[in-house]
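Q: Sequence plus the predicted model coming up.
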Amino acid sequence: MNIGIPKSTADEELRVAVVPETAQRMKKLGLGVVVESGAGVAAGFSDDAYSQVGATVVSSAGDVFGQADAIAMVHAPTDKSFESLRESQMLFTVLKPLTEHDLVKRLAEAGVTALAMDLMPRISRAQKMDVLSSMSTISGYKGVLLAASELTKMFPMMMTAAGTITPAKVLVLGAGVAGLQAIATAKRLGAVVEAFDVRPAVKEQVESLGARFVEVAAEDTDAEDAGGYAKEMSEDYKRKQGELVNKHAKESDIVISTALIPGRKAPILISAETVRGMKPGAVIMDLAAEGGGNCELTRLGERVVENGVVILGPNNLPSTVPFHASQMYSRNIGAFLQDLTKEGTITLNPEDECVTGTVITQGREIVHARVREMMGLPPLVAAEGSPA
């Protein structure tokens with residue numbers, strides 16, 4: 001079977017789904033690799049680098065789709081890509097299927113077997129395939145650097161002939177992968193860091209990175225869902241949370257917000273009132289901007305200034321670090337394919353949790369139970385003689 005790697009057609013996307021290192025691993029699995037010329041150039045991977053590991057470089061995306069049994073992409077296919085997809089062709093990519101319902105319907109109608117890498121189950125053996133964690137690591141790192149470049153202060157404490165410079169204060173909202181990486185990066189730069197999360201269980205991780213954990217008194221209900229993500233909390237909790245965030249944000253030089261709830265709009269953690277009470281020159285880096293934003297005043301892809309406070313809502317931060325972002329994404333794809341491939345053939349085992357967690361469309365049907373529920377579709381009826 002051949003794996004096809006087309007050049008991204010998404011706006012301002014510099015990443016490539018498979019780098020030469022992973023292409024070489026795929027070849028050892030017995031898979032062929034077909035790459036569109038120039039697909040990796042923006043990320044720092046030349047056509048020659050692919051050719052040297054045995055991949056076939058072709059001149060057009062049409063050649064890639066025509067020769068490939070499975071396609072690996074960073075983003076969901078655009079209209080142009082849809083014209084080239086074939087029935088029963090496999091597609092490995094980030095789909096956002098819990099919210100992008102029109103895309104899911106279109107993939108089903110096209111007969112494509114679509115696997116959403118962003119729905120990879122958060123289980124131990126799937127960590128090496130977890131695209132969201134890989135990309136969140138990059139976002140947390142780059143977000144701090146961009147916020148630091150906007151700040152009118154320096155991060156570390158310095159003892160100088162002109163006196164002592166006090167360190168910057170950074171507040172991180174959400175201690176998932178992006179938040180933990182933001183904490184680590186801010187600490188390396190010398191800032192004093194505090195972090196908030198609705199999940200008390202992450203306190204140890206936050207403190208292990210040298211940050212202070214601030215928390216609202218825990219509710220009786222679990223703050224974490226079965227996938228390890230934060231759940232939406234009660235109205236009373238949200239009120240207390242708002243008061244806590246308001247207090248600590250006003251004392252901070254930078255606020256990095258990372259809170260997301262899968263399939264839902266990002267929760268508002270930073271109100272307009274809080275922004276107006278922050279120090280002039282303070283910076284809010286809203287890493288949840290693509291999910292609607294944690295700050296009430298965030299605008300995706302824009303730099304907003306409110307009462308002297310800079311609010312950044314970056315779009316697709318991983319693409320701004322395309323070499324390592326491509327490398328990490330590619331390794332996630334490669335690890336998944338290694339589990340699925342036997343003797344050069346990709347097999348989707350319906351008893352594999354990673355398969356059932358990621359296969360969205362198959363046989364012109366939307367087959368993912370959670371996606372069907374989000375779309376208001378009834379559960380699929382099991383075939384006669386098979387478990388329901």
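A: Alright, I've got the coordinates. Residues are numbered from 1 along each chain as shown.

Q: Name the nearest residue to residue 32, sequence neighbours excluded.
A: Using C-beta to C-beta, 6 or more residues apart in numbering and skipping the chain neighbours, the partner closest in space to residue 32 is residue 2 (4.0 Å). In short, each C-beta sits where N, CA and C put it, glycine included.

Q: Just give me the neighbour total for the one you found.
A: 17 (other C-beta atoms under 10 Å).

Q: can you check the one 3 residues further on too?
A: Burial of residue 5, expressed as a neighbour count using other C-beta under 10 Å, amounts to 30.

Q: Do you know the pLDDT at it?
A: Here the pLDDT value assigned to residue 5 is 98.

Q: Residue 43 versus that one, what's the distance?
A: 12 Å (C-beta to C-beta, to the nearest Å).

Q: which neighbours do those two share?
A: Taking C-beta atoms under 8 Å, 6 or more residues apart in numbering as the criterion, residue 5 and residue 43 both touch residue 16.

Q: count of residues packed around the closest residue to residue 44 other than its chain neighbours?
A: Nearest non-adjacent residue to residue 44, counting by C-beta to C-beta, 6+ apart: residue 323, 4.5 Å away. Residue 323 has 16 neighbours, counted by other C-beta under 10 Å.

Q: Please identify which helix or strand holds residue 323.
A: For residue 323, the host element (DSSP states H and E) is helix 322-340.

Q: now residue 256
A: Going by DSSP H and E, residue 256 is in strand 254-257.

Q: Which strands border that strand, and is each parallel or antiparallel?
A: strand 169-173 (parallel), strand 283-286 (parallel) (DSSP bridges).

Q: Alpha carbons of the following helix or strand past that strand, in PDB - could you do that?
A: In the C-terminal direction, the helix or strand that comes right after strand 254-257 (DSSP H and E) is helix 272-276. Presented in PDB, the C-alpha positions along helix 272-276 are these (Å, rounded to 0.1, in the frame of the first residue of the first chain):
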ATOM      1  CA  ALA A 272     -13.400  42.400  29.900                       C
ATOM      2  CA  GLU A 273     -13.700  43.800  33.400                       C
ATOM      3  CA  THR A 274     -10.600  41.800  34.500                       C
ATOM      4  CA  VAL A 275      -8.700  43.100  31.500                       C
ATOM      5  CA  ARG A 276      -9.500  46.700  32.300                       C
END
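
Q: so what secondary structure elements neighbour helix 272-276?
A: helix 235-250, strand 303-306, strand 309-312 (3 or more C-beta pairs under 8 Å, 6 or more residues apart in numbering; DSSP states H and E).

Q: For the residue nearest to residue 268 when sequence neighbours are not counted, give me its contacts.
A: Of all residues not flanking residue 268 in the chain, residue 296 sits nearest, at 5.4 Å (C-beta to C-beta, 6+ apart). Residue 296 is in contact with 268, 270-272, 275, counting by C-beta under 8 Å, 6+ apart.

Q: Just the buried subset of those residues, please.
A: If you count burial by 16 or more other C-beta atoms under 10 Å, the buried members of these come out as 268, 270-271, 275.

Q: For stretch 249-258, the averaged confidence score.
A: Rounded to a whole number, the mean pLDDT of stretch 249-258 is 97.

Q: Give me the residues contacting that stretch.
A: So stretch 249-258 is contacted by 136, 139-140, 143-144, 147-148, 151, 153, 168-174, 176, 178-179, 182, 186, 191, 194, 269-270, 274, 277-279, 281-288, 294-295 (C-beta under 8 Å, 6+ apart).

Q: What of stretch 37-45?
A: Residues from elsewhere that reach stretch 37-45 (C-beta under 8 Å, 6+ apart): 5-8, 14-16, 19-20, 46-47, 49-50, 57-60, 322-323, 325-326.

Q: try 6 Å
A: Applying C-beta atoms under 6 Å, 6 or more residues apart in numbering, the contact partners of stretch 37-45 are 5, 7, 14-16, 19-20, 47, 57, 59, 322-323, 326.

Q: Filter those residues down to the buried ones and hand me the ChimeraX line.
A: Selection of buried members from those for ChimeraX, criterion 16+ other C-beta under 10 Å:
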select :5,7,14,15,16,19,20,47,57,322,323,326
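
Q: out of the contacts of stretch 37-45, who's nearest residue 346?
A: residue 5 (14.9 Å; C-beta to C-beta).

Q: so that closest one makes contact with residue 18?
A: Yes. Under the criterion of C-beta atoms under 6 Å, residue 5 makes contact with residue 18 at 4.8 Å.
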